[in-house]
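Q: Sequence first, then the predicted structure, then my questions.
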Amino acid sequence: QVQLVESGGGLVQAGGSLRLSCAASGRTFSNYAMGWFRQAPGQEREFVAGISRSGVGTYYADTVKGRFTISRDNAKNTVYLQMDSLKREDTAVYYCAADPNLLIIATMPNKYNYWGQGTQVTVSS
């Protein structure tokens, strides 16, 4: 079992930056592949970025590639999502997710067993 708590969301102007954090507690954090997802009103939850257990492997949705960076600090049990050049269409609730059984980064939400409560990101024009 692992508990996930996101923070760092807020209101930002288009072109600005935010850094989201996801703090994990419970079992060994470094055993979990991690992902960031987002969900806008009326939309399905979509994959944003994922990172392997070691942090060496990363993968991004095309919509955020080159603008977002995922990283993790296993010593601090935390995964980050640095979001730069934000656009209005990035507005959503952002969730971090974890799973110990993933050997590769997964983009489907149903591959992750543990989820945080979400943090709102709103980008204004």
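A: Looks like it arrived, so ask away. Worth saying up front: this structure is predicted, and the values here are computed from it rather than measured. Numbering: from 1, shown residues only.
Q: Let's check: the centremost residue of this structure is which one?
A: Ranked by distance to the mean C-alpha position of the chain (CA atoms, centre = their mean), the top residue is residue 36 at 2.2 Å.
Q: residues touching that residue, list them.
A: 20, 22, 47-50, 70, 79, 81, 94-97 (CB atoms under 8 Å, 6 or more residues apart in numbering). For every residue, glycine as well, the C-beta is placed using N, CA and C.
Q: try it again with 6 Å
A: 48-49, 81, 96 (CB atoms under 6 Å, 6 or more residues apart in numbering).
Q: Now it. Nearest residue, chain neighbours left out?
A: residue 48 (4.3 Å; CB to CB, 6 or more residues apart in numbering).
Q: Following element in sequence after the helix or strand that the one you found is a member of, please.
A: Using DSSP states H and E, residue 48 maps to strand 46-51. Under the assignment DSSP H and E, the closest C-terminal helix or strand after strand 46-51 is strand 58-60.
Q: Name the residues of the helix or strand harbouring residue 80 that are buried.
A: Assigned by DSSP H and E, residue 80 falls within strand 78-83. For strand 78-83, a neighbour-count test (16 or more other CB atoms under 10 Å) marks 78-81, 83 as buried.
Q: Same check on stretch 32-46?
A: The neighbour-count check on stretch 32-46 (16+ other CB under 10 Å) flags 32-38, 45 as buried.
Q: Return the member of these nearest to residue 54.
A: residue 33 (9.7 Å; CB to CB).
Q: Go ahead and confirm the closest one touches residue 104.
A: No - Residue 33 is beyond contact range of residue 104, at 7.7 Å (criterion: CB atoms under 6 Å).
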